[in-house]
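S.K.: predicted structure and sequence below. I'll ask about it afterward.
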Amino acid sequence: MVDELRLIVDPIVLGGGKAIFAGIDRRLSLELVSAESTKAGRVILTYRT
C-alpha cells in the first residue's frame with residue numbers, strides 16, 4: 001500500500017518510453033499536495049492517496 005508518491009520529472013524527450021503504472025487494473029484517487037521546481041528544471045510532484 002502506498003500513502004505518498006513522489007515523482008521527479010526531468011525535462012527531456014526520449015521517445016516512446018515506458019508506462020510508469022503498467023499493470024494497475026483500477027483507477028487510483030491521488031491528490032496533488034505539492035509541486036516544486038528545481039534550478040536544474042526538474043519538477044518534484046508529491047501525491048497522497
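M.R.: Cool, the structure landed. Keep in mind that this is a model prediction, so the values were computed, not measured.
S.K.: tell me which residue of the protein is furthest from the middle?
M.R.: Centroid-distance maximum for the chain: K39 at 18.6 Å, with C-alpha atoms, centre = their mean.
S.K.: so that residue, which of the three states?
M.R.: Secondary structure, DSSP: H, G, I helix; E, B strand; the rest coil: K39 is coil.
S.K.: what about it, distance to R27?
M.R.: Noted for K39: a distance of 35 Å to R27, by C-beta to C-beta, to the nearest Å. C-betas here are computed from N, CA, C, even on glycine.
S.K.: okay, and the residue positioned nearest the centre of the chain sits in which element?
M.R.: In the chain, the centroid-proximal residue (C-alpha atoms, centre = their mean) is L7; its distance is 3.4 Å. Using DSSP states H and E, L7 sits within strand 4-9.
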